[in-house]
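Chemist: quick check, what structure comes out for this input:
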Amino acid sequence: TPRASKRNPYDVIGVSKTASAAEIKKAYYQKAKELHPDSNKDPSAKDKFVELQSAYEVLSDDKKRAAYDQFGDADAASAGFGGSGFPGGGFQGGFGGAGGGADFFEQIFNAGFGRPGGARAAGFGPFGGAGPAGIAEDIELDLRVTFMEAAKGVDKTVAYRAVSDCDDCTGSGLKKGAKKSKCQQVFIRGGFHLSTVCQTCEGTGMYIPPGAKCHTCEGVGKVQKVNSVRVTIPAGVNTGNKVRVAGKGNAPIVGAGRPGDLYINVEVQPHPQFTRDGADVLVTATVPLAVALLGGTVRVPTIDGDVELRIPPGTQPGERKRMARRGVRVLNRSASDRGDQFVTVRVEIPRTLTDRQREALEAAFGAPADDAAAVDDAPHADHAHHHRSGLFDKIKKGLGMKSAGDGGGGTGDAAGSPAAGGAA
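Modeler: Residues are numbered from 1 along each chain as shown. Model prediction:
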């Protein structure tokens with residue numbers, strides 16, 4: 001077995017003494033690809049490859065590099081670090097590992113499929129940096145649901161792309177009838193031990209020769225497939241919530257193992273009538289003037305359908321009525337654990353009155369005090385409008401409401417007012 005080189009390690013790798021660690025690493029991987037015994041049939045390639053490993057062992061370690069720079073000798077640099085008799089890392093059959101060799105593995109993956117949409121980085125090549133064998137990555141998807149689907153819960157079918165075992169080779173990476181080969185390690189005597197997992201066999205001792213690779217997955221054993229899964233969106237979800245579907249993410253790129261998970265990012269679409277405040281539902285209801293004055297009931301919408309809401313006499317515009325347990329189910333709680341619905345009252349003032357209605361209101365609240373001079377000089381239509389406006393202002397004043405000339409229209413939030421609400 002060849003001995004490690006005594007040549008200047010900077011010359012062996014092809015960098016200057018001022019090169020950074022990143023520059024040294026990049027140059028090392030480039031030369032390693034050129035000199036690898038499996039791809040370079042030159043009889044001297046193996047010795048040069050061992051020499052390259054020894055040089056990188058010195059320059060990739062800050063202490064060894066400093067020792068070499070001080071003493072100018074590779075043996076001096078290796079003193080105290082364990083020199084001979086240790087097996088090297090191998091690097092047989094390609095560079096599917098970390099660092100500058102990742103692009104080699106990426107080329108293999110790009111021949112079969114592209115980057116999965118919505119997934120976080122997983123494994124090698126188009127799936128990110130090199131990941132540990134057997135470790136899978138999750139996938140995230142965005143899903144829009146309607147207001148009512150979020151309130152009540154719904155089952156949705158989602159389709160997405162995920163890394164899965166190749167069907168043609170059942171994940172082995174071998175074409176039919178082919179077998180794996182035994183990985184040949186490189187040993188170094190008198191040199192430095194490169195402590196790393198073999199990038200060809202991933203430490204298993206076996207690898208797939210180029211001619212034995214499955215054509216569908218290029219020997220990777222994995223492909224991207226379009227998966228379809230039924231997802232249960234629980235009642236009470238809101239925008240920003242995530243729903244986890246265990247085991248429906250990417251399969252491990254390297255080796256076997258449990259697939260990652262699928263995460264659904266929920267976005268709830270707005271509703272034309274309802275808005276949400278947590279588990280509470282907010283809605284506006286129009287109440288006729290007579291009902292606001294005298295009391296009664298009105299039908300208001302809820303997420304369960306229209307119901308009767310009791311309106312007490314003298315209900316003010318802008319007042320809020322609470323309907324207990326008419327809101328959305330609290331997420332991950334029992335079906336009876338629900339928020340409330342708050343109804344904001346909008347009093348409907350009629351634009352015209354019949355003579356009988358006006359007489360009844362004047363009898364109840366008194367006739368408005370008109371300005372005699374203004375009435376005598378004004379046209380008949382303006383007089384009638386002024387008379388009605390004065391009457392409405394007097395009614396509002398009698399109810400404690402603000403008149404049109406005072407500005408504003410509501411009496412503030414009345415969320416604490418007694419409320420009635422029940423199914424019709």
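Chemist: C-alpha from now on. contacts and neighbour counts both.
Modeler: OK.
Chemist: show me where the stretch 101-250 of the chain has its strands.
Modeler: 139-145, 154-165, 181-182, 187-188, 206-207, 222-233, 242-245 (DSSP state E, counting those that start in this stretch).
Chemist: can I get those in CSV with mean pLDDT, distance to Ala21 and mean neighbour count?
Modeler: Below are the strands of the stretch 101-250 of the chain laid out as CSV (pLDDT from 0 to 100; distance: least, CA to CA, whole Å; neighbours: other CA atoms under 10 Å):
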stretch, mean pLDDT, distance to Ala21, mean neighbour count
strand 139-145, 96, 34, 18
strand 154-165, 94, 34, 18
strand 181-182, 87, 33, 13
strand 187-188, 46, 24, 22
strand 206-207, 84, 31, 18
strand 222-233, 94, 34, 17
strand 242-245, 96, 41, 18
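Chemist: distance to Gly295 added to those, as a markdown table?
Modeler: As requested, those are exported to a markdown table (distance: least, CA to CA, whole Å):
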| stretch | distance to Gly295 |
| --- | --- |
| strand 139-145 | 39 |
| strand 154-165 | 39 |
| strand 181-182 | 89 |
| strand 187-188 | 96 |
| strand 206-207 | 85 |
| strand 222-233 | 41 |
| strand 242-245 | 45 |
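Chemist: count the neighbours of the residue lying closest to Asp142 once chain neighbours are set aside for me.
Modeler: Distance criterion CA to CA, 6 or more residues apart in numbering; nearest residue to Asp142, sequence neighbours excluded, is Asn265 at 4.7 Å. If you count neighbours by other CA atoms under 10 Å, Asn265 ends up with 17.
Chemist: other SSEs contacting the helix or strand where Asn265 lies?
Modeler: For Asn265, the host element (DSSP states H and E) is strand 262-268. With contacts taken as 3 or more CA pairs under 8 Å, 6 or more residues apart in numbering; DSSP states H and E, strand 262-268 sits against strand 139-145, strand 242-245.
Chemist: for Asp165, find the nearest of the ones you listed.
Modeler: When these are compared by CA to CA, strand 139-145 sits nearest Asp165, at 16.2 Å.
Chemist: what is the orientation angle of the closest one with strand 154-165?
Modeler: 160 degrees (axes from the mean of the first three to the mean of the last three CA atoms, to 10 degrees).
Chemist: which elements pack onto strand 139-145?
Modeler: Under the contact criterion of 3+ CA pairs under 8 Å, 6+ apart, strand 139-145 touches strand 262-268.
Chemist: gap between the spatially closest residue to Ser228 that is not a sequence neighbour and Arg258?
Modeler: Closest residue in space to Ser228, ignoring its immediate chain neighbours: Ala159 at 4.4 Å, by CA to CA, 6+ apart. Distance, Ala159 to Arg258, by CA to CA, to the nearest Å: 20 Å.
Chemist: what of Pro312?
Modeler: Applying CA to CA, the value for Pro312 to Arg258 is 62 Å.
Chemist: of all the residues in the helix or strand hosting Glu34, which ones are buried?
Modeler: Per DSSP H and E: Glu34 is located in helix 21-35. For helix 21-35, the neighbour count (16 or more other CA atoms under 10 Å) marks Ile24, Lys25, Lys26, Ala27, Tyr28, Tyr29, Lys31, Ala32, Lys33, Leu35 as buried.
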